[in-house]
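Peer 1: Give me a model of this one.
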Amino acid sequence: MAIIKDGELAAKHVWGYANIDTREPITPQTIFPICSISKQCVEFLLATATCTNEDLTLERLVGMQSGLRDYWILSVLWGARPQDRFSIYQDAPEALKRLGSFHFAPGTQFSYSNTNFMVVGLAIEKVTGQTLNDLLQSLLFKPAGMKSAGLRADMARIPSPIVGYEGSEETGYIPYTNRIEWAGDAGVSASLDDMIAYEKYIHRSSTDENSAYFKIATDPTYIDGSSAHYSNGLFHREVEGVKVVEHSGGLAGFRLRRSYMPSERTSVIVLLNSHIDTTVVASYTFKKILKDTPSIEKLQVANDKPAETRIEVKWTSSYLDEETKLAVVVKQDKPGQVIVNYDGHHETLEILDENEAKGSYMQVRFGSNGLSIIRPFENRKFTARPLRAVPASTNAQEFVGRYYSKEIDSTFLVSGSGAMLYGAFDGYLGKGPMHVMQRLGEDVWWLACFRSLDAPVPGYWTVAFDGRRFEGFSKVTVGCMGARDIAYQRVS
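Peer 2: Now for the predicted structure:
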């Protein structure tokens with residue numbers, strides 16, 4: 001990792017091994033895939049090349065407000081298996097044909113979708129007649145002095161010696177073989193020295209209103225003018241009440257982050273070939289920096305924490321957001337906190353009173369109609385109704401069958417016996433593996449999916465059956481945050 005302050009290197013520390021079997025250490029010149037940090041590089045290219053305001057469609061694409069489903073998540077529904085090959089010029093065009101409709105009106109909400117930057121990258125190549133790598137080299141990497149950076153689309157050919165490791169000290173570290181090709185959404189690779197050069201380059205022009213980085217780092221908005229939290233390959237968040245502009249990256253075996261705190265003119269870069277949480281690393285570093293340069297305002301923010309509560313809530317249960325057909329599951333494992341799963345992954349919320357809890361990305365209030373939920377990051381307010389509980393031993397054979405989605409060209413196979421169900425998806429990428437399903441209540445299930453072609457997305461799919469008939473159900477909706485409300489009809 002490294003820290004850049006006022007355009008100069010303030011600290012750099014390198015540790016560990018690029019390959020634990022061959023004992024080759026990581027150095028400042030070791031090349032990492034920087035994954036989704038690539039998105040800001042592509043947007044930097046656009047801003048440098050055009051120096052004009054983007055039209056609405058492009059603005060919504062790079063702001064993750066397009067309403068396009070994430071092709072990477074949908075690959076599960078098209079039959080992809082872990083470590084399968086995915087070609088950007090053969091498989092990606094077929095994916096774009098099968099995205100289906102918008103899952104929300106463009107410009108109204110946020111939903112992270114790799115489709116947006118894949119489309120932008122391919123469009124740039126088509127319009128310019130040049131490769132994305134050549135354009136990045138001439139417009140960003142060479143001017144910034146990033147000597148070894150490049151768009152290396154094929155993850156199976158990352159320059160040695162770097163290896164990405166899954167696992168932990170407790171389970172052992174396991175090397176992961178990645179066979180994916182990326183476009184503008186995650187294809188750049190660079191060393192720590194390259195990223196230091198990138199930050200220095202940005203710092204030199206970060207306050208220049210005519211510079212490319214200044215343009216892409218401006219505060220984003222939705223189509224109605226309200227504030228958003230993401231645009232141009234950059235997230236906008238706060239650490240101890242102080243603004244941070246950043247983006248992380250993650251594939252199986254790698255976790256990366258570059259973060260910039262404008263008020264302190266300080267950047268933090270973290271490149272890891274393991275699954276350590278880079279948010280914790282970067283936030284810890286920024287908090288230490290703020291303590292070293294305290295102000296009254298910062299100290300007040302840091303000390304303004306709610307008193308600890310020992311309340312145990314009575315609304316731990318399963319709910320359904322009818323608008324998106326996504327499940328909301330509330331659990332409590334200790335007083336004072338609840339764990340809420342809505343977007344496929346868990347978030348811990350602090351309890352404010354017996355009916356309300358709040359976290360970094362969600363505020364929940366329990367009432368007579370269920371849960372009233374505010375998710376400001378996505379520009380959403382909605383109510384999730386409670387699901388009627390069903391005994392775990394209830395026979396589930398009425399759900400078994402084969403269902404087909406014409407919209408995205410995917411087949412969903414539900415199998416099992418007694419109360420135990422499994423789900424699998426077939427499509428143009430092949431026949432996918434079986435996934436365990438868990439009944440949440442009524443006719444709504446979770447389908448566990450923590451491994452796709454690569455990264456652990458989406459976590460859980462919500463599977464909501466409907467159209468009960470004597471021989472079973474006539475239809476089912478499958479969805480997650482990045483690919484919502486996909487309708488399947490029973491075919492057998």
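
Peer 1: Show me where the stretch 1-150 of the chain has its helices.
Peer 2: For the stretch 1-150 of the chain, the helices defined by DSSP state H, counting those that start in this stretch occupy 38-50, 56-62, 71-74, 91-97, 114-128, 132-136, 142-144.

Peer 1: which one of these is the most hemmed in?
Peer 2: Across those, averaging neighbours per residue (mean count of other Cβ atoms under 10 Å) puts helix 71-74 on top, at a mean of 26. Using the backbone N, CA and C atoms, a C-beta is placed for each residue, glycine as well.

Peer 1: I'd like the helices of the stretch 1-150 of the chain as a markdown table, with distance to residue 83 and mean pLDDT appended.
Peer 2: Formatted as a markdown table, these follow (distance: least, Cβ to Cβ, whole Å; pLDDT from 0 to 100):
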| stretch | distance to residue 83 | mean pLDDT |
| --- | --- | --- |
| helix 38-50 | 21 | 81 |
| helix 56-62 | 29 | 75 |
| helix 71-74 | 15 | 94 |
| helix 91-97 | 15 | 95 |
| helix 114-128 | 18 | 91 |
| helix 132-136 | 25 | 95 |
| helix 142-144 | 34 | 95 |
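
Peer 1: chain center to stretch 115-128: distance?
Peer 2: Offset of stretch 115-128 from its chain centre (Cα atoms, centre = their mean, to the nearest Å): 20 Å.

Peer 1: What's the separation between the most centrally placed residue in the chain and residue 100?
Peer 2: In the chain, the residue lying closest to the centroid (Cα atoms, centre = their mean) is residue 112, at 5.9 Å. According to Cβ to Cβ, to the nearest Å, residue 112 stands 17 Å off from residue 100.

Peer 1: Counting neighbours, what do you get for the nearest residue to residue 24 once chain neighbours are set aside?
Peer 2: Excluding its sequence neighbours, the residue lying closest to residue 24 (Cβ to Cβ, 6 or more residues apart in numbering) is residue 161, at 4.2 Å. Other residues within reach of residue 161, judged by other Cβ atoms under 10 Å, total 16.

Peer 1: Now do the buried residues in stretch 285-294.
Peer 2: 285, 286, 289, 290 (16 or more other Cβ atoms under 10 Å).

Peer 1: give the contact list for residue 479.
Peer 2: For residue 479, the contact set (Cβ atoms under 8 Å, 6 or more residues apart in numbering) comprises 103, 324, 325, 326, 461, 462, 485, 486.

Peer 1: And residue 125, by the same measure?
Peer 2: By Cβ under 8 Å, 6+ apart, the contact set of residue 125 is 131, 132.

Peer 1: beta partners for residue 249?
Peer 2: Beta-bridge pairing of residue 249 under DSSP bridges involves residue 256.

Peer 1: So it sits against residue 259, correct?
Peer 2: No: counting by Cβ atoms under 8 Å, residue 249 does not reach residue 259; the two are 11.9 Å apart.

Peer 1: Could you check which of these two has the larger neighbour count?
Peer 2: Shown here are residue 249 and residue 259; by other Cβ under 10 Å, residue 259 has more neighbours (26 against 23).

Peer 1: Of all the contacts of residue 479, the one with the weakest confidence?
Peer 2: Between the contacts of residue 479, the one the model trusts least by pLDDT is residue 103, at 92.

Peer 1: tell me how far stretch 353-369 is from the chain's mean position?
Peer 2: Stretch 353-369 sits 24 Å away from the centroid of its parent chain (Cα atoms, centre = their mean).

Peer 1: Just the CA coordinates for that stretch, please, in PDB.
Peer 2: Extracted as PDB, the C-alpha positions of stretch 353-369 are listed here (Å, rounded to 0.1, in the frame of the first residue of the first chain):
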ATOM      1  CA  ASP A 353     -35.300   2.200  19.300                       C
ATOM      2  CA  GLU A 354     -37.500  -0.900  19.500                       C
ATOM      3  CA  ASN A 355     -38.800  -0.300  16.000                       C
ATOM      4  CA  GLU A 356     -36.000   1.400  14.100                       C
ATOM      5  CA  ALA A 357     -32.400   0.600  13.100                       C
ATOM      6  CA  LYS A 358     -29.800   2.400  11.000                       C
ATOM      7  CA  GLY A 359     -26.600   1.500   9.200                       C
ATOM      8  CA  SER A 360     -24.200   3.000   6.700                       C
ATOM      9  CA  TYR A 361     -26.400   2.200   3.600                       C
ATOM     10  CA  MET A 362     -29.900   1.500   5.000                       C
ATOM     11  CA  GLN A 363     -32.400   2.800   7.600                       C
ATOM     12  CA  VAL A 364     -35.300   0.400   8.600                       C
ATOM     13  CA  ARG A 365     -38.400   1.200  10.600                       C
ATOM     14  CA  PHE A 366     -40.900  -1.500  11.600                       C
ATOM     15  CA  GLY A 367     -44.700  -0.700  11.400                       C
ATOM     16  CA  SER A 368     -48.100  -2.200  10.900                       C
ATOM     17  CA  ASN A 369     -47.500  -2.700   7.100                       C
END
